Each structure stands twice: as C-alpha cells, then as structure tokens.
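**Student:** Fold the stuff below for me.
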Amino acid sequence: MDPDRDDAARLRRGDTAGLTGLMGRHQDRLFRYLLRLVGEEAVAEDTFQQTWVQVAERIGRYDTSRPFAPWLFTVARNLALDHLRRRRPESLEEVDEPAAPAGAQGDPLAHAVARQQSARLANAVAGLAPLDREVLSLRFEEDLALPQLAQTLGVPVPTAKARLYRALARLRGRMLATAPAEDWR
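**Tutor:** You can find the predicted model right below:
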C-alpha cells in the first residue's frame, strides 16, 4: 500500500501521526522547492509551515486515487505565489536583465572551473522569474515527470512542456549573457 495514502487517511480521521508521516517523507523536497521559488529562507520557512497547516485543514479535499506529492506541491505553490504577488505586484513571469556573475573533482584547475560554472549556473537560475525557477526546480531538482509537473502546476501536459522549454531557453540566454558558449562546455 502507498504510505502517503495511508497517512492521509489517518490524518482525515484526526490522527496527527498521519501528518508526521507525510512531513517526514516530503519536508526536505518541499522546503527546497519553496526556497527556490520565493528566494528567501525566512519566507520559505513561513510558507512551509503554512503549507502543512493547510494540508491538515484541507486533507478532505485530497483525492486519494492520485499521488500525494503533486497535491502537496500545488498547495505550497499557491501559498508561495500569493506571497510573491503581495510582495511584488508586477508579473511573476518577468525579471530584470541578468546580473553579473559571482565568483570537480580531480586537478585543482578543473575543480576551480567546475566551481565557477556552478556559481554561474546558480546565479543564472536565481535571476530567473519565479515561475521559471519553479518549473525548472520541479523538473530537475524534484525530478517530476511531465505529467506530475503538469498536475502540480495545474495545467495540461503540453502547457507544462512549453513552460519548461521557455524556462530553459531563458536560462540559456542568461547563461550566455554571463559567458560565451565555449565556457559552458
């Protein structure tokens, strides 16, 4: 049996051990996702806590015939986007021009190059609009397949695929703005 569905059923019956089980399995991934989306640790922590409160309050709305994680991430996403809209009323799909870049294993030169590329990539991702960071984080950090990604975002699969493609294109543009293509190989 699915432990998420079992714990959701326990939580529906009022057994808080169900919430403990769900949190134990999903807390790390959820916090990483929120941190990537909102960009601030304190805000991510607040949103993380609000998410679990809403999960406990709204567990009756969870459809046990579907996986739990996309529902959880949808609850978290809605709270995070509400916060971002209150904080910045401008579009969540736009961002200012790229910022200047910040500062492997094996030999020291290869290690230094790998560190520099990693820092450039992290800066490029951080400079993306929240919705672009979100789709990239869900796909590549949380390893959601396109159907799960679409379900979490609340859109059809082709729309999720298009959002992912556009986010990757914008990321590529930001990366190329910080260094020529040869430096990324």
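
**Student:** Please report how far Gln27 lies from Ala150.
**Tutor:** 24 Å (Cβ to Cβ, to the nearest Å). For every residue, glycine as well, the C-beta is placed using N, CA and C.

**Student:** before we move on, what about Leu11?
**Tutor:** Taking Cβ to Cβ, one finds Leu11 at 26 Å from Ala150.

**Student:** before we move on, what about Asp82?
**Tutor:** 21 Å.

**Student:** which of the two has more neighbours?
**Tutor:** Using other Cβ atoms under 10 Å as the criterion, Asp82 and Ala150 rank with Ala150 on top: 20 against 12.

**Student:** Need the nearest residue in space to the more buried one, chain neighbours excluded.
**Tutor:** Closest residue in space to Ala150, ignoring its immediate chain neighbours: Ala160 at 3.8 Å, by Cβ to Cβ, 6 or more residues apart in numbering.

**Student:** what about the closest residue to Phe68 other than its chain neighbours, which helix or strand?
**Tutor:** Spatial nearest neighbour of Phe68, chain neighbours left out: Asp4 (3.7 Å); criterion: Cβ to Cβ, 6+ apart. Assigned by DSSP states H and E, Asp4 belongs to helix 3-12.

**Student:** Any buried residues in that helix, and which?
**Tutor:** 4, 7-11 (16 or more other Cβ atoms under 10 Å).

**Student:** For that helix, name the packing helices and strands.
**Tutor:** Contacts defined by 3 or more Cβ pairs under 8 Å, 6 or more residues apart in numbering; DSSP states H and E place helix 3-12 against helix 16-38, helix 68-87.

**Student:** Make a markdown table out of the ones you listed and add mean pLDDT and distance to Asp143.
**Tutor:** A markdown table is the format used below for those (pLDDT from 0 to 100; distance: least, Cβ to Cβ, whole Å):
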| stretch | mean pLDDT | distance to Asp143 |
| --- | --- | --- |
| helix 16-38 | 90 | 9 |
| helix 68-87 | 87 | 11 |
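
**Student:** Which one of the ones you listed lies nearest to Ser118?
**Tutor:** helix 16-38 (15.3 Å; Cβ to Cβ).

**Student:** Go ahead and name everything in contact with the following helix or strand past that closest one.
**Tutor:** Downstream of helix 16-38, the next assigned helix or strand under DSSP H and E is helix 41-58. Contact with helix 41-58 is made by 11, 16, 19, 22-23, 27, 30-31, 34-35, 37-38, 72, 75-76, 79-80, 83, as judged by Cβ atoms under 8 Å, 6 or more residues apart in numbering.
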